[in-house]
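**Student:** Structure, please.
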Amino acid sequence: MFRAPIAPSDPCPCGSSAAYRDCCGRLHASLAEAATAEELMRSRYSAFVAGDSAYLLHSWSSETRPRSLELDPEQQWEGLELIRVVKGGPDDAAGKVEFRARFRAGGTVQDQHEVSTFVREDGRWVYRGALAHR
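**Tutor:** Model (predicted):
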């Protein structure tokens, strides 16, 4: 399956009310860094939607980042629901974001429920890992 690119004027897949170019698109294009753990988590979800493995690796902690990342081209991400955000603000050093993401794989809709942890590395937010994954 071919993933269509996200047009700059399309609604951002992360669920904000902004256009992709004004939201996660500016982070994917390295025009800005995420200001909060929540913003980074949303941008990582949008990177999964876009199939942008380079951004996912760039936004991953150097302590836990894999050498490479192969995304399943058959997987279609269909929605993001934020459940809870703990810390992760502009003045914090760490934060957690609990979310549920829906995706379709092999014709079946599935649900990923996770509590992701984020830390600052060299002054920027990065994804460290998942505390709970269902």
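**Student:** Low-confidence bits of the chain, can you list those?
**Tutor:** 1-4, 132-134 (pLDDT under 70).
**Student:** Show me which strand runs longest in it.
**Tutor:** Assignment by DSSP state E gives strand 108-121 as the longest strand of the chain.
**Student:** how about the helices in this structure?
**Tutor:** Applying DSSP state H to the chain gives helices spanning 24-28, 37-50, 53-58.
**Student:** if we can go back for a sec, who does the longest strand of the chain pair up with?
**Tutor:** strand 94-105 (antiparallel), strand 124-133 (antiparallel) (DSSP bridges).
**Student:** That strand: how far from the chain's middle?
**Tutor:** 8 Å (Cα atoms, centre = their mean, to the nearest Å).
**Student:** Grab the most central residue of this protein for me.
**Tutor:** The chain has residue 44 as the residue nearest its centroid, 1.6 Å off, counting by Cα atoms, centre = their mean.
**Student:** my read: that one touches residue 57, true?
**Tutor:** No - look at residue 44 against residue 57 with Cβ atoms under 8 Å: they stay out of range, at 10.6 Å. C-betas here are computed from N, CA, C, even on glycine.
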